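> Just need the structure, nothing else, for what follows:
(chains A and B)
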Amino acid sequence: MNIQEYIDSGALETYALGLGTEAERRETERLLAIYPELEQELQAIHAGLEVYASVHAVEPPAAMRDTVLSAMQAAVPTQHEVIEPTKVRQLSSAPRFSYGLAAAWALFIVSFGAAIFFYGKWQSAEEGYQGLLAEKIQLAEQYEVARAGYNALADLNTALNNAENQIIRLGGTAASPESSAVLAWNTTTGAVKLWAQAMPANATDKQYQLWAIVDGKPVDAGVFDVQPEAMTMLDMKTFASAQAFAVTLEPRGGSINPTMSAMVVIGEVRS
Amino acid sequence: MTALYDQYSAALYGILLRIVKDEAVAQDVLQDAFVKIWRNGANYDSSKGTLFTWMLNVARNTGIDYLRSKQHRAEIQTDSFDVSMSSADYSTYDHTDTIGLREVVARLKPEHQTVLDLLYFKGYTHEQAAELLGLPLGTVKTRVRAAVMVLRGMLKEKDTQ
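Below is the predicted model:
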């Protein structure tokens, strides 16, 4: 089987979109288990589709939050009705001892006891299950955050060790002395990468903006957000030449000219 | 549970708006989708993809099922075929920070985007999309692949993972 041909056929996209016949789906899953390169390709496709979904994101109305959260809460079964045993009808004939009736009563009592016992068991199992479920979802989220953090640190490490990169430390200004950032400027390709995790998180209506000082003039090098929980090595705009780099805090979307009073870090390029 | 909502509601709501095209309906379906996600958390298999992808698929299916159940199906097929994406339609919440809708739209060829939207937002099968567009089935599949490739490329540029 030619794996590249299979990939080129678009079969993995079909699978990722949840389309295709049952037979195609099974075939894809069979191949995924055999070829790790297909698995990798599928992950990349998922990531691409996630981007497509993300760019269409719209904040739902704020009131939705409570509605949805309480609906989710209600979806977890917490109360179960106890079914009352149907009453045994009195026989109209005169009461008299019967082995059959005694046996039936004994059986009824035993099975009623067993029902209560197993009901309790079932309920605690159900609770345990809900707890585990919540824990599992939480762990999956934490894992993804940790993995993203690891990837970001690996990117930083790669940038720091790349001999083509000039590493420039951007120090805090008087306006924000506790801030600092590390910038890796590739002297061959001009690519600029920025590690801004040591800067305070920006408010949602603001964004940081990187500027390259080229021939004494500030040139926009792209905007970015800093969030402690979303670690990332930022890719900024490319520059063939620059004498310094600086970051200012601007209204969301960035500004045409930097707000000099809102400069948080700056660093000079070694010539 | 709240983290789940806070992190993913915008992405899911955005998709549902594209699918059902009605804010009130999208809100109902969003609630259904979250309840399903919460109930079916046990079915999520982390070896088969990220939590986000799984949630997207649950939401997408819920939205598409809604359309089908309301017999919107016939209506959609004769729908004046509106796939030109006007970014002004919805105030876009820039979830990925560095990749914007406009940028994605600018990079995707219109014919690629058309196909992707039909499959992703309207629940069309490849066959239905091929029939509607008067294209061979193979072309539809390669266009989807090309579109996803562009999206992946953008991600790599921005993310260098």
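> give me the element residue 15 is part of.
By default, I'm working from chain A. Using DSSP states H and E, the element containing A:Y15 is helix A:11-16.
> Chain B is the one I meant
helix B:2-20.
> Check A:N257 too.
For A:N257, there is no helix or strand it lies in under DSSP H and E.
> what about the helices in the chain?
No chain in the question, so chain A it is. With DSSP state H, the ranges of helices along chain A come out as A:3-8, A:11-16, A:22-34, A:36-55, A:64-75, A:99-161.
> um, chain B though
Assignment of helices within chain B using DSSP H yields the ranges B:2-20, B:23-39, B:51-69, B:72-78, B:101-107, B:110-121, B:126-133, B:137-159.
> near chain B at all, stretch A:224-235?
Yes - using CB under 8 Å from any CB of the partner chain, stretch A:224-235 comes into contact with chain B via A:224-225, A:232-235. Glycine gets a C-beta too; all of them are placed from N, C-alpha and C.
> what residues does that stretch touch?
Stretch A:224-235 is touched from outside by A:145, A:148-149, A:152-153, A:155-156, A:159, A:191-197, A:199-202, A:207-210, A:222, A:236, B:97-98, B:157-160, with contacts defined as CB atoms under 8 Å, 6 or more residues apart in numbering or on different chains.
> Which residue ranges make up the domains of chain B?
Under the assignment named as automatic domain parsing, the residue ranges that make up the domains of chain B are B:1-79, B:82-161.
> If you average pLDDT over each of these, which is lowest?
Per-stretch mean pLDDT for these is lowest at domain B:82-161 (a mean of 72).
> which regions of the stretch 51-200 of chain A lie under the pLDDT threshold?
Regions of the stretch 51-200 of chain A meeting the criterion pLDDT under 70 cover residues A:76-96.
> Chain B contacts on that one?
By the criterion of CB under 8 Å from any CB, the positions of the stretch 51-200 of chain A lying close to chain B are A:51-61, A:64-65, A:67-69, A:71-73, A:75-76, A:129, A:133-134, A:136-138, A:140-141, A:143-144, A:151, A:155, A:193.
> try 6 Å
A:51-60, A:64, A:68, A:71-72, A:75, A:133, A:137, A:140, A:151, A:155 (CB under 6 Å from any CB of the partner chain).
> And the helix holding B:I15, what does it pack against?
Helix B:2-20 sits against helix A:36-55, helix B:23-39, helix B:51-69, with contacts defined as 3 or more CB pairs under 6 Å, 6 or more residues apart in numbering or on different chains; DSSP states H and E.
> Which one of the ones you listed lies nearest to B:R107?
Closest approach to B:R107 among these is made by helix A:36-55 (10.9 Å; CB to CB).
> Can you report how many residues lie near the residue nearest to A:T14 when sequence neighbours are not counted?
Taking CB to CB, 6 or more residues apart in numbering or on different chains, and ignoring the residues beside it in sequence, A:T14 has A:G20 as its nearest neighbour in space, at 4.3 Å. Neighbour count of A:G20, defined by other CB atoms under 10 Å in any protein chain shown: 17.
> I'd assumed A:L12 was in contact with A:G20.
No - taking contact to mean CB atoms under 6 Å, the distance of 10.2 Å between A:G20 and A:L12 leaves them out of contact.
> Hmm, A:V192 is touching A:W185, no?
Yes - in this structure, A:V192 sits in contact with A:W185. The criterion is CB under 6 Å, and the distance is 5.4 Å.
> ok, B:K141 - contacts?
Counting by CB atoms under 6 Å, 6 or more residues apart in numbering or on different chains, B:K141 touches A:G10.
> before we move on, the earlier item: out of the domains of chain B, which is closest to A:E250?
Going through the domains of chain B one by one, with CB to CB as the measure, domain B:82-161 comes closest at 14.3 Å.
> Which segments of chain A make up each domain?
Chain A resolves into domains spanning A:3-53, A:106-161, A:165-268 when parsed by automatic domain parsing.
> Kindly reformat the helices and strands packed on helix B:2-20 as TSV and extend each row with mean neighbour count and distance to B:L132.
Converted to TSV, the helices and strands packed on helix B:2-20 look like this (neighbours: other CB atoms under 10 Å in any protein chain shown; distance: least, CB to CB, whole Å):
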stretch	mean neighbour count	distance to B:L132
helix A:36-55	20	20
helix B:23-39	20	23
helix B:51-69	19	16
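> Quick one: those as CSV, columns for distance to B:Y13 too.
Compiled in CSV, the helices and strands packed on helix B:2-20 are given as follows (distance: least, CB to CB, whole Å):
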stretch, distance to B:Y13
helix A:36-55, 11
helix B:23-39, 5
helix B:51-69, 9
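> so which of the ones you listed comes closest to B:L137?
For those, proximity to B:L137 was assessed by CB to CB; helix A:36-55 is nearest, at 19.1 Å.
> and that closest one, what other elements does it pack with?
In this structure, helix A:36-55 packs against helix A:11-16, helix A:22-34, helix B:2-20, helix B:51-69, helix B:137-159, with contacts taken as 3+ CB pairs under 6 Å, 6+ apart.
> Need the ones you listed in TSV (columns: distance to A:L101).
Converted to TSV, these look like this (distance: least, CB to CB, whole Å):
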stretch	distance to A:L101
helix A:11-16	63
helix A:22-34	56
helix B:2-20	56
helix B:51-69	53
helix B:137-159	72
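> Let me know the average pLDDT across stretch A:201-208.
Mean per-residue pLDDT for stretch A:201-208: 92.
> ok, residues contacting it?
Among residues not part of stretch A:201-208, those counted as contacts by CB under 6 Å, 6+ apart are A:223-228, A:247, A:249, A:252.
> then it to CSV, C-alphas only?
These are the backbone C-alpha positions of stretch A:201-208, laid out as CSV (Å, rounded to 0.1, in the frame of the first residue of the first chain):
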residue,chain,number,x,y,z
ALA,A,201,-0.7,39.6,30.9
ASN,A,202,-2.4,42.3,28.8
ALA,A,203,-5.9,43.4,29.4
THR,A,204,-8.4,42.1,26.7
ASP,A,205,-8.8,45.6,25.2
LYS,A,206,-5.1,46.0,24.8
GLN,A,207,-2.4,44.2,22.9
TYR,A,208,1.4,44.3,22.9
